[in-house]
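In: Need coordinates for the below:
(one chain, ligands or ions: 1)
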Amino acid sequence: MEQLLDGLMEIYGNGAEAQLPRYRAALDAFRECYGPGPVHLLRAPGRVNLIGEHTDYNHGYVLPVALDRDVLLLARPRGDGQVRLANMERDFADCSFSVSDAIPPARAGDWSNYARGPAQELTRLLGGPVPGFDGLVSAASPFGVPRGAGVSSSSALTVAMAVAFAHFAGWKGSGAEMARLCSDAEWYVGTRGGIMDQFIALLAEGGHALFLDCRPNDDGDFCTRPVPLPAGYRLLVMDSGVRHTNTRNEFNQRVAACRAGVALLRRGLPHITHLRDVENSGWSGLETQLPEEVTVAALRGQNVELGDLPNVPEDARLRVRACCRHVWTENRRVLETLEVLGSGDIRRVGSLLDEAHASAAADYRISTPELDALTNAAREVDGVAGARLTGAGWGGCVISLVPDGQVDEFTTHVGRVYADKTGREATIFPCQAGPGAGLVTVVEL
Ligand code: GLA
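Out: This next block holds a predicted model:
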């Protein structure tokens, strides 16, 4: 077990001791399920995003940070191509499936789909079935990634599974190859997100955010750069407790609005494929070509096709101009944030976070009264550098950069004001920017 503690120190630093009981409980449960023998411990973190929301699927820029909250997967390879899965949270039933290049999905919402997707995608990529395994997942609070809180718990689960399959298959893909694989695996589940969540879960470095340019280069690779978080500040996460359910339709409608914008702008600029392509054109010249609001049916009448997007009804009213404006301005804010983080101008970083929240709320319409209440309360504390919603929106979390000395005052103030305004309790915790997914260690049970 000393070896386990060493492995945990590398990942969680000072927090390693506190993790031990969680790891031990998972090892005990694994032994109970599958018996004695070697067990491989793997993990993948959740994330927050400092800035750059809904830019990834527009080939834009993002600046996410991995949490030290993660999905833990204990696994032992099997020789018969079967995958058997158990979960420390008993509301996730045991499940099993056989690995192949066409794995039938379980019913929608079944957690085994997050393992079926990576198994199928890696089998296709390698041209032959990857080894199966006996697995046990531990992802409950307080160390796990909160579910439905906009901190990417489903990507963390997908990435943990993909890392396990790759590990047992002996495949070491590049970060970009792994991220693509995980993103395809989430498409298997039915989510049409971008690539930010998979990249940060895989490539995070402790103490750093990750700048990612979501436009692949000609080799299919991506430009990434670790960016140190500002000294003297803590990145605090405020979970509103509002869980987003059924937001996939809203999400897809935002994607549709962006695609509509590109299709309309292409009439004058035939070379463009994504909103990123107009980053250097003046906004005032672009916006006149974009309708304030238009239905999918009306777009179709103008021969504007939106591509494969489930659950976007013909009568959905797409706010094309405002959505494109958010993406266009957000990309600029990310680049400026990088610059001012480098020069140490944290006040300006704060203004950019505030502007990003305002744009997400007014233009992209992904905020809620609870998220607005949290950002407003956060800004009332002296020295705070900005506050904004993080992740897809419609609930979940807000982040804020808080001076080291103000963390206690911040937590008390925001907690009290939020409860007064909404009658809800916020869970406020510091983001200890942790490392990306991987093997922690192998233990003999
Ligand atoms: C979700 C998606 C990401 C990204 C964010 C919004 O988390 O999975 O790819 O689009 O929303 O920035």
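In: make it CA atoms for all contacts and neighbour counts henceforth
Out: Will do.
In: mind listing the helices for this protein?
Out: Applying DSSP state H to the chain gives helices spanning 2-12, 16-34, 113-126, 153-169, 175-189, 196-203, 248-265, 283-287, 296-301, 320-343, 346-362, 369-379, 407-422.
In: Deepest in the core, which of the ones you listed is it.
Out: For the helices of the chain, the largest average neighbour count (mean count of other Cα atoms under 10 Å) is found in helix 196-203, namely a mean of 29.
In: Give me the distance from it to the chain's centre.
Out: For helix 196-203, the gap between its own C-alpha mean and the chain's C-alpha mean amounts to 7 Å (Cα atoms, centre = their mean, to the nearest Å).
In: same check, this time on stretch 43-54
Out: 4 Å.
In: closest one to residue 43 among the helices of the chain?
Out: Across these, the minimum distance to residue 43, taken as Cα to Cα, is reached by helix 153-169, at 5.6 Å.
In: Now do the same for the residue nearest to residue 240 when sequence neighbours are not counted: its pLDDT.
Out: Counting by Cα to Cα, 6 or more residues apart in numbering, residue 426 is the residue found nearest to residue 240 once chain neighbours are left out, at 5.0 Å. In the prediction, the pLDDT value recorded for residue 426 is 98.
In: okay but residue 426 is in contact with residue 241, surely?
Out: Yes - here residue 426 lies in contact with residue 241, judged by Cα atoms under 8 Å, at a distance of 6.2 Å.
In: The two: which is more packed in?
Out: Neighbours were tallied for residue 426 and for residue 241 using other Cα atoms under 10 Å; the higher tally belongs to residue 426 (23 against 18).
In: what about the more buried one, distance to residue 18?
Out: As defined by Cα to Cα, to the nearest Å, residue 426 lies at a distance of 23 Å from residue 18.
In: Then residue 129?
Out: Relative to residue 18, residue 129 is positioned 38 Å away (criterion: Cα to Cα).
In: cool, and residue 202?
Out: From residue 202 over to residue 18 (counting by Cα to Cα), the distance is 23 Å.
In: Check residue 77 too.
Out: Looking at residue 77 against residue 18, where the rule is Cα to Cα, the gap reads 28 Å.
In: Same check on residue 397?
Out: If you go by Cα to Cα, the gap between residue 397 and residue 18 works out to 24 Å.
In: cool, and residue 148?
Out: Where residue 18 is concerned, residue 148 sits at a distance of 25 Å (Cα to Cα).
In: got it, and residue 24?
Out: Residue 24 is 11 Å from residue 18, by Cα to Cα.
In: What of residue 177?
Out: From residue 177 to residue 18 the distance is 34 Å (Cα to Cα).
In: now do residue 345
Out: From residue 345 to residue 18 the distance is 35 Å (Cα to Cα).
In: Can you report how many residues lie near residue 102?
Out: When neighbours are defined as other Cα under 10 Å, residue 102 has 14 of them.
In: which ones are touching it?
Out: When contacts are counted by Cα atoms under 8 Å, 6 or more residues apart in numbering, residue 102 is found next to residue 120.
In: Contacts only, for the residue nearest to residue 352 when sequence neighbours are not counted.
Out: In space, and not counting its chain neighbours, residue 352 is closest to residue 333: 6.2 Å by Cα to Cα, 6+ apart. Each residue near residue 333 by Cα under 8 Å, 6+ apart is listed here: 51, 52, 352, 356.
In: Likewise for residue 396?
Out: Going by Cα under 8 Å, 6+ apart, residue 396 touches 148-151, 239-244, 371, 389-390.
In: Out of the residues you listed, the closest to residue 269 would be?
Out: residue 390 (32.2 Å).
In: Just give the closest residue to the residue of the stretch 251-400 of the chain found nearest the ligand, not the sequence neighbours.
Out: Using Cα to the nearest ligand atom, the point where the stretch 251-400 of the chain gets nearest to the ligand is residue 392, with a distance of 3.6 Å. With Cα to Cα, 6+ apart as the measure, residue 150 is the residue that lies nearest to residue 392, at 6.2 Å, once sequence neighbours are left out.
In: and the one you found, what is it in contact with?
Out: 48, 244, 390, 391, 392, 393, 395, 396, 397.
In: isn't the fifth one right next to residue 366, touching?
Out: Yes - here residue 392 reaches residue 366: they are 7.4 Å apart, a contact under Cα under 8 Å.
In: Compare neighbour counts for those two and give me the winner.
Out: With other Cα under 10 Å as the criterion, residue 392 and residue 366 differ in neighbour count, and residue 392 comes out ahead with 24 against 20.
In: In contact with the more buried one, which residues?
Out: 53, 54, 150, 251, 366.
In: okay, the helices of the chain in TSV with distance to the ligand and mean pLDDT next?
Out: As requested, the helices of the chain are exported to TSV (distance: least, Cα to the nearest ligand atom, whole Å; pLDDT from 0 to 100):
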stretch	distance to the ligand	mean pLDDT
helix 2-12	24	88
helix 16-34	26	96
helix 113-126	14	97
helix 153-169	8	97
helix 175-189	9	92
helix 196-203	5	97
helix 248-265	8	94
helix 283-287	21	97
helix 296-301	21	95
helix 320-343	10	98
helix 346-362	10	98
helix 369-379	15	98
helix 407-422	24	98
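In: out of the ones you listed, nearest to residue 139?
Out: The stretch from those with the least distance to residue 139 (Cα to Cα) is helix 153-169; that distance is 8.7 Å.
In: send the alpha carbons of the closest one over as PDB?
Out: Output for helix 153-169, consisting of C-alpha atoms alone and laid out as PDB, is shown next (Å, rounded to 0.1, in the frame of the first residue of the first chain):
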ATOM      1  CA  SER A 153     -18.500  13.800 -15.500                       C
ATOM      2  CA  SER A 154     -19.600  11.800 -18.600                       C
ATOM      3  CA  SER A 155     -16.400  12.700 -20.500                       C
ATOM      4  CA  ALA A 156     -14.400  11.700 -17.400                       C
ATOM      5  CA  LEU A 157     -16.100   8.300 -17.400                       C
ATOM      6  CA  THR A 158     -15.600   7.800 -21.100                       C
ATOM      7  CA  VAL A 159     -11.900   8.800 -20.900                       C
ATOM      8  CA  ALA A 160     -11.300   6.500 -17.900                       C
ATOM      9  CA  MET A 161     -12.800   3.600 -19.900                       C
ATOM     10  CA  ALA A 162     -10.800   4.500 -23.100                       C
ATOM     11  CA  VAL A 163      -7.600   4.800 -21.100                       C
ATOM     12  CA  ALA A 164      -8.200   1.300 -19.700                       C
ATOM     13  CA  PHE A 165      -9.000  -0.300 -23.100                       C
ATOM     14  CA  ALA A 166      -5.900   1.400 -24.600                       C
ATOM     15  CA  HIS A 167      -3.800   0.300 -21.600                       C
ATOM     16  CA  PHE A 168      -4.800  -3.400 -21.900                       C
ATOM     17  CA  ALA A 169      -4.400  -3.300 -25.700                       C
END
